[in-house]
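In: Here is my input, please return the structure:
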Amino acid sequence: MPGRPDPDRATALQDWEEAFGSPPPPYLSVAFLRKALAYEAQSKEHGGLPASTRRVLRQVAKGRAVTESTRQIARPGARLVREWNGRTYQVEVLTKGYRMDGRHWPSLSAIAKHITGTTWSGPRFFGLVDRAGGTS
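Out: Numbers count the residues shown, from 1 in each chain. Prediction:
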C-alpha cells in the first residue's frame, strides 16, 4: 500500500550503515542496496579488487578518463621480445596499439592469442606483469 514504510528498506539501510559506516546515498532501491551489500561481503571474503584496479578507480573518481587513468606498462617506442616454441617474436609499442610482423594489433592480449592459439593476458605473456597483476 502506498505511503507505508517498507520494512525491507529499513533493514537494508541499517545493514548498509553497518557495512560502510555511513548512510547510503538517498533514493537507492532496496534491490541495489542488497546487491551492493552482497558485493561488499564477497569482497571482504575474497580480498576485494586488485590494487591496479583500485588505482584506476581512484583516478576515475578524480574525473580523469579511463584511457588517461590507466597506467601504461610499456612506453611507445619500446620493443618487447618473447620466445615461444623456438621462435622469437618482437613487438613494437605504439602510441595506440602494437606492431608485430608489419601488422597493427590493438592489444598485447590479441598478439599473445595469435602466437599461442589460446587466450592469455598479453602483459603477462610478455613478462610485463607478474601473476598477481602487478608490474614486474
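
In: thinking Ser107 is in contact with Leu94, fair?
Out: No. Under the criterion of C-beta atoms under 8 Å, Ser107 makes no contact with Leu94, lying 11.4 Å away. All C-beta spots, glycine's among them, are computed from the backbone N, C-alpha and C.

In: Where do the strands of this protein begin and end?
Out: Listed in chain order, the strands of the chain (DSSP state E) span 79-84, 87-93, 98-100, 103-105.

In: Please identify which of those strands is closest to Val129.
Out: strand 79-84 (12.3 Å; C-beta to C-beta).

In: just checking, what packs against the closest one?
Out: Packed against strand 79-84 by the contact rule (3 or more C-beta pairs under 8 Å, 6 or more residues apart in numbering; DSSP states H and E) you find strand 87-93, helix 108-116.

In: contacting residues for Ser22?
Out: Counting by C-beta atoms under 8 Å, 6 or more residues apart in numbering, Ser22 touches no other residue.

In: May I have the phi/psi pair for it?
Out: Main-chain torsions, Ser22, degrees, to the nearest 10: phi -160, psi 160.

In: Under the pLDDT cut-off, which ranges of the protein? List them.
Out: Low-confidence segments of the chain (pLDDT under 70): 1-6, 65-72, 130-136.

In: Outline the domain layout of it.
Out: Partitioning the chain according to automatic domain parsing yields domains covering residues 7-67, 79-125.

In: Mind listing residues that contact stretch 101-109?
Out: 80, 91, 94, 97-99, 111, 114, 119-123, 125-126, 128.
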